[in-house]
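Participant: what follows is a predicted structure for the sequence shown.
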Number of protein chains: 2
Amino acid sequence: MITNKSCIIRLSRYKNSLYRLRALGFVKVFSDNLADAIGVLPSQVRKDFSLFGISGNKRGGYQVDTLIEKLNTILGKEQVQEVIVAGLGNIGNALMKYKGFEKEGIKICACFDIDSAKYHRDAAIPVLPLEEMKDFVRNKRIKIGVIAVPDIAAQSVLDMMLACGIKGVLNFAPLRLRAPDDIVVNNVNLELELENVIYFVNTQGKTKSG
Amino acid sequence: MITNKSCIIRLSRYKNSLYRLRALGFVKVFSDNLADAIGVLPSQVRKDFSLFGISGNKRGGYQVDTLIEKLNTILGKEQVQEVIVAGLGNIGNALMKYKGFEKEGIKICACFDIDSAKYHRDAAIPVLPLEEMKDFVRNKRIKIGVIAVPDIAAQSVLDMMLACGIKGVLNFAPLRLRAPDDIVVNNVNLELELENVIYFVNTQGKTKSG
DNA sequence: CCTATTTTGTGAAATGAGTAACAAAAAACT
DNA sequence: AGTTTTTTGTTACTCATTTCACAAAATAGG
């Protein structure tokens, strides 16, 4: 099994580039087209494909259509992926309104919050009490959750999600969550990302001026 | 010079854990305390510290206070870091309201947008026309920018930021931005992160059930 | 004061990801 | 049909990061 996150991320990028290339009229592509598009080496592209059993034609490259299809299969994009969000704060709100997910076949089905003032059962994306998560998730067989609650509540919300049968989580709370090994937890930590930029800017400046 | 991003990210995590440990009354820590806290091996902790010339006492561990101080110096947290945000859409809005930055010594000084309906010069964090970015950034000598504009505008906003003297960028637009080598660009791509969770959940399921 | 124990700091080994190189296949050209 | 060119797919190599392992230092205990 492939455990390399950046490899999967590259597959997503190939896929996105391929849609653009197809829109431009491309019918076949070569590894170096894709390499240029996402900023890696051609050998990396071929390696990635070979890892997933994707093959092209020597001297003929890859058919755009079938390549897109294969990548979508690998990435689980044959059907719309339904996710839930916990926490209708700043981030939760932004996610609900964000248009980027829809065009990637990701659908936010519901948001759960603890604050009854936020409930909105009839909205396009309903906002429901946390207690209803279990029924909702089980009925709809949802496997993916997003955690956008305050730090202090994050672990208990994760535990709740796992009890509902959620198998993968995107976590925005800036702390390490404990989960069994078979659960996927990706963290998006905005402070850390910014702190990182700041560090490299600071040291860059230092090394330049002496 | 250290170019390893994950190493810097770990330093940030150590620092965050140390604050928590200090709040619990810890005066000294050992590498395995910190290792547990952030989920790495003790040898990793010691290696990271040794890379930055941080040393402790054999059998005595590390003093929490001095360790925090050293990490803060390395991470450039001795003074408040001022940043600007471009784009007052969903994400820009969430960032402006987000409390997490303040307690990390990161201050959003202003937001710039193209839409005059959004301008709000007298707000706590002013929302200004994009054209005013140059003066603002130069006067305040700001080095860090956040890009939260639609995909199509992202590259031009980046170019504008670079013309203002910005040296590091956190980019939320889901595409690859072109920048000179001495500019730091960190990307946060929410679709990709979710797609990644989805992939691993799907394959996990497959490998388990056969 | 000497011995046992703990914990660091570092150099060596292992792992893993990315890059390079090249044989083999396919197409194009003559 | 044969030769040349192009491009894949895979194997071997390189490099970076992580993990291991152990000597040296410091403390604690008898």
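Facilitator: Ah, there it is.

Participant: which one is A:Leu71 nearest to, not counting chain neighbours?
Facilitator: Of all residues not flanking A:Leu71 in the chain, A:Lys15 sits nearest, at 4.3 Å (C-beta to C-beta, 6 or more residues apart in numbering or on different chains). Yep, even glycine has a C-beta here, placed from its N, CA and C like the rest.

Participant: three-state assignment of the one you found?
Facilitator: Under the three-state scheme (DSSP: H, G, I helix; E, B strand; the rest coil), A:Lys15 adopts helix.

Participant: looking at it now. What's its pLDDT?
Facilitator: A:Lys15 carries a pLDDT score of 97 in this model.

Participant: quick one, what contacts it?
Facilitator: A:68, A:71-72, A:75, A:77 (C-beta atoms under 8 Å, 6 or more residues apart in numbering or on different chains).

Participant: contact partners for A:Ile84?
Facilitator: A:108-112, A:133, A:136-137, A:142, A:144-146, A:161, A:166.

Participant: contact residues of chain A facing DNA strand D?
Facilitator: A:30-32, A:42-43, A:46-47, A:49-50, A:54-62 (C-beta under 7 Å from any atom of the strand).

Participant: do that again at 6 Å, thanks
Facilitator: A:30-31, A:42-43, A:46-47, A:49-50, A:55-56, A:58-59, A:61 (C-beta under 6 Å from any atom of the strand).

Participant: pLDDT weak spots in chain A?
Facilitator: A:205-210 (pLDDT under 70).

Participant: returning to what we had before: including secondary structure, could the residues of chain A next to DNA strand D go into TSV?
Facilitator: As requested, those are exported to TSV (three-state DSSP):
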residue	secondary structure
A:Phe30	coil
A:Ser31	helix
A:Pro42	helix
A:Ser43	helix
A:Arg46	helix
A:Lys47	helix
A:Phe49	helix
A:Ser50	helix
A:Ser55	coil
A:Gly56	coil
A:Lys58	coil
A:Arg59	coil
A:Gly61	strand
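
Participant: now a ChimeraX select for only the buried ones of those.
Facilitator: The buried residues among those can be selected in ChimeraX (16 or more other C-beta atoms under 10 Å in any protein chain shown) with this line:
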select /A:30,31,46,49,56,61
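
Participant: which residues sit in contact with A:Leu21?
Facilitator: By C-beta under 8 Å, 6+ apart, the neighbours of A:Leu21 are A:29, A:33, A:37, A:64.

Participant: for the second one, which non-adjacent residue is spatially closest?
Facilitator: Spatial nearest neighbour of A:Asn33, excluding adjacent residues (C-beta to C-beta, 6+ apart): A:Leu21 at 7.0 Å.

Participant: which ones, among the contacts of A:Ile84, also lie beside chain B?
Facilitator: Among the contacts of A:Ile84, the residues lying close to chain B (C-beta under 8 Å from any C-beta of the partner chain) are A:144, A:146.
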